[in-house]
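*Asks:* Sequence plus the predicted model coming up.
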Amino acid sequence: MSKPSTTASPTAAIILAAGKGTRMRSRLPKVMHEIAHLPMLGHVLKSAKEAGLSPIVVVAAPEMDDVAALAKAHGAIVAHQHEQLGTGHAVRMAESALKDFKGHLMVLYGDTPLLSAGTISKLRRTLDADVRIGAVVLGFDADDPAAYGRLKLDTEAHLERIIEARDASEDELAITLCNSGIMALRGSLAWSVLADIKNTNAKKEYYLTDAIGLMNDQGMHCRVVMGEEEEVLGVNSRAELAQAEAIFQFRMRKSMLENGVTLHDPDSVFFAHDTTIAADVIIEPNVVFYAGVSIGSGSTIRAFSYLEDCRLGKHCVVGPFARIRPHSTLADGVKIGNFVEVKNAEIAEGAKLNHLSYVGDATVGKYANIGAGTITCNYDGVNKYRTIIGASAFIGSNTALVAPVNIGDGAIIAAGSVITQDVSADALALARSHQSEKPDWAKAFRKKS
Ligand code: UD1
Ligand code: MG
């Protein structure tokens, strides 16, 4: 990951997120739609922070409570845009929040989630390199420029103007060099230039893109830094959201493989934005990660497993067909087999839960062995209770442990038991009906019928 240069001028981020996103056809604000289990706005906030931008202002519509909450959780300031009058107007809504800030401005879009911190840093460095530069725009060559703004360069390859597609002539529409929307503005001029933007255009909006022409009018140069089309993908619809997800997953798989993780079928493994996996972990096909998972080296996740908010130590084996649910910790060498569900549980080193079990709200001691079909009955319909299983305890097959209950170290529970009382260490607990036998009864029965 690229680090921001220590000599870079202070630069604030302004993240535009007030747009309604009508094409998503959703009650959720567009920027709250998730990629790899993190809202798009969260991805942008992460990159802004990683690039060393500070402070960060998120421009949102006043009713977007979830957007404001996410922004604040990342330490960002929230500014409101009451009416969506255009990107130029939106940026100005951050002015009062930044009245005491003296550095440059970096405008980011909440719907451009794949932008990397490295690219942001590149724009910063370009702006810092020459005091005659008023603005730096992240451009890209579009396969299909469609509705993107076009970047018009002069003979010295300086950026002269940005022309929105709706306002462009035939000749201008033929330009394939496009505006990503990401723009760095020189702090000393930014607010006065933004105040000069007019809404005399096809959409009657205040276009941020007009800042480029205005900077040139002031005798400043403007530059283009080139980016990849994939990185600047703007998400305006569900189809584009799926496209962004696919690109993100591709990148995650690639980085996992580069970091020493074996993926038997990379395309069928789905990572969360924060999945952390050590080297020499093997992931079989069709595994899904939700947020908050970390896995220690030498572990194997077998096919068709699902993991969420859990920490696995070294040399664990999980699956096939296992489900590890939130707030679970598996210490080194734990084995979780097929059709086992674990939730809010701490499983100590070397414990085995090999077949067909539900272990929830539980603590399982070192080297305990949980037999097939064990259920921790943690819920009475109103409250949840904990089951504690001691080290080296052996729970026979088809046992119901009715919580709250405590099984001592080394205890053995006979198969088919319903355990409602605590069991002492090293004891045998048997809680099932006795078996009786009638000799030759079956033979007599068959003869009679
Ligand atoms: C904008 C650019 C276009 C560029 C494209 C890249 C302008 C005028 N046009 O067009 O040159 O090629 O992005 O994707 O800037 N927003 C607000 N308040 C507003 C309007 C927008 O917060 O009043 C936010 C939106 O939530 C979004 C971002 O600004 O995050 C961009 O707005 P959008 O309407 O998607 O702009 P585009 O038409 O895509
Ligand atoms: Mg857009």
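*Replies:* Right, received. Where do you want to start? Ligands and ions are numbered 1, 2, ... in the order given.

*Asks:* confidence score at the closest residue to Thr11 other than its chain neighbours?
*Replies:* Spatially, and ignoring its direct neighbours in sequence, Thr11 is nearest to His104 (4.4 Å; CB to CB, 6 or more residues apart in numbering). Bear in mind the C-beta positions are built from the backbone N, C-alpha and C, glycine included. His104 carries a pLDDT score of 98 in this model.

*Asks:* Just give me the neighbour total for His104.
*Replies:* For His104, the neighbour count with other CB atoms under 10 Å is 23.

*Asks:* Ok, Ala291 next?
*Replies:* By other CB under 10 Å, the residues close to Ala291 number 16.

*Asks:* Surely it is in contact with Phe271?
*Replies:* No - assessed by CB atoms under 8 Å, Ala291 is found out of contact with Phe271, at 10.0 Å.

*Asks:* ok so, going back, list the contacts for the residue nearest to Thr11?
*Replies:* Contacts for His104 (CB atoms under 8 Å, 6 or more residues apart in numbering) come out as 9-12, 124, 127-128, 184-187, 190.

*Asks:* Kindly provide the distance from the closest residue to Val418 other than its chain neighbours to Thr376.
*Replies:* In this structure, Val418 finds its nearest non-sequential neighbour in Ala400, 4.6 Å apart by CB to CB, 6+ apart. According to CB to CB, to the nearest Å, Ala400 and Thr376 sit 8 Å apart.

*Asks:* The two - which one has more neighbours?
*Replies:* Thr376 (28 against 18).

*Asks:* Please name the residues that touch the more buried one.
*Replies:* Counting by CB under 8 Å, 6+ apart, Thr376 has contacts 358-362, 387, 401, 403.

*Asks:* Ramachandran coordinates for the residue nearest to Val418?
*Replies:* The phi/psi pair for Ala400 (degrees, to the nearest 10) reads phi -110, psi 120.

*Asks:* Name the residues linked to it by a beta bridge.
*Replies:* Ala400 forms beta bridges with Ile375, Val418, as assigned by DSSP bridges.

*Asks:* so it touches Ile375, yeah?
*Replies:* Yes - contact criterion CB under 8 Å: Ala400 and Ile375 qualify, at 5.1 Å.

*Asks:* Looking at Ser2 now. What's its pLDDT?
*Replies:* 48.

*Asks:* Next: Thr7.
*Replies:* Thr7 is assigned 70 on the pLDDT scale.

*Asks:* What about it, how many residues nearby?
*Replies:* Thr7 is flanked by 7 other residues according to other CB under 10 Å.

*Asks:* Apart from its chain neighbours, what residue comes closest to it?
*Replies:* Excluding the flanking residues, the one nearest Thr7 by CB to CB, 6+ apart is Asp128, at 7.8 Å.

*Asks:* Just the pLDDT at that neighbour, thanks.
*Replies:* On pLDDT, Asp128 comes in at 96.

*Asks:* ok, now Ala147?
*Replies:* 88.

*Asks:* correct me, but it touches Leu173?
*Replies:* No - if you go by CB under 8 Å, Ala147 and Leu173 don't touch, sitting 10.6 Å apart.
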